[in-house]
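Enquirer: just a sequence and a predicted model for now, questions to come.
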Amino acid sequence: MKQPQTRYSRILVALVCIAIVSTVLQMKIAGTSRPTRAATIQRLSSLESRYAGVDRKPIRLRRNSRNQITELRFYLEGSDLVIDNDFLRSLSLLPALKKLIVFHSDIDDDGLRTIREFPQLTHLTINHCSITDDGLQHLRGLTSLRHIQFFGTSVSREESQRLHATIPQCRILDCWCCGCMSIEPVNDHKGR
């Protein structure tokens, strides 16, 4: 006749099972091309904590009153943090994100395709990366955008003007010289 398990041994077995299931789930999440919203928020919070004591933080987050991330700023020059197209895709899981600012990233034209998945995005700055005129096609007609900047990229003024024709309410900051040629938003004359 077997001796009944003690309460502690049952708890230990339960904890081991939970740890195994957790590890398997983490491995599955890591193996997918599209992480969950919770995993994305966890990763951003972890990065923010990692750089909390650093004077020049490569990541800054702002949250609204419901603790949703509304603004992300990545200043990556001299940082070990890498922001690429896959990372950008994971950010599309943040429904309240309105402002995205990225300096010195590995984002390219294909990464701009993801911007269509940011329904609330009003401000986009992606500077010093491999974006060209071809990437701007993904931003055409995005009526939520009010401010775009692509400094230090291969985006031309001519293509920016074509983009502006599809989103006239958007200000496209000078990406070509000193700020004197920015494309200003067209007034909609609705008395805002």
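Expert: On my side now, so go ahead.
Enquirer: which stretches in this protein count as helices?
Expert: Assigned by DSSP state H, the helices in the chain fall at 7-31, 37-50, 85-91, 109-112, 157-166.
Enquirer: compare those and say which comes out lowest on pLDDT.
Expert: Confidence, taken as mean pLDDT, is least for helix 7-31 of the helices of the chain (a mean of 57).
Enquirer: what lines up beside the longest strand along the chain in the sheet?
Expert: For the chain, the longest strand by residue count, based on DSSP state E, is strand 69-75. Taking DSSP bridges as the criterion, strand 69-75 pairs within the sheet with strand 59-63 (antiparallel), strand 99-103 (parallel).
Enquirer: alpha carbons of the last one, as PDB, please.
Expert: In other words, strand 99-103. Output in PDB follows, covering the C-alpha atoms of strand 99-103 (Å, rounded to 0.1, in the frame of the first residue of the first chain):
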ATOM      1  CA  LYS A  99       3.800  58.400 -31.500                       C
ATOM      2  CA  LEU A 100       6.800  56.400 -32.700                       C
ATOM      3  CA  ILE A 101      10.200  57.900 -32.900                       C
ATOM      4  CA  VAL A 102      13.200  55.700 -33.900                       C
ATOM      5  CA  PHE A 103      16.800  56.900 -34.500                       C
END
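Enquirer: what does it rub up against?
Expert: 62, 70-77, 83, 91, 118, 121-129 (C-beta atoms under 8 Å, 6 or more residues apart in numbering). All C-beta atoms are positioned from the backbone trio N, CA, C, and that covers glycine.
Enquirer: now do 7 Å
Expert: 70-77, 83, 121-128 (C-beta atoms under 7 Å, 6 or more residues apart in numbering).
Enquirer: filter those to the buried ones?
Expert: Neighbour counting by 16 or more other C-beta atoms under 10 Å classes 70-76, 83, 121-128 among those as buried.
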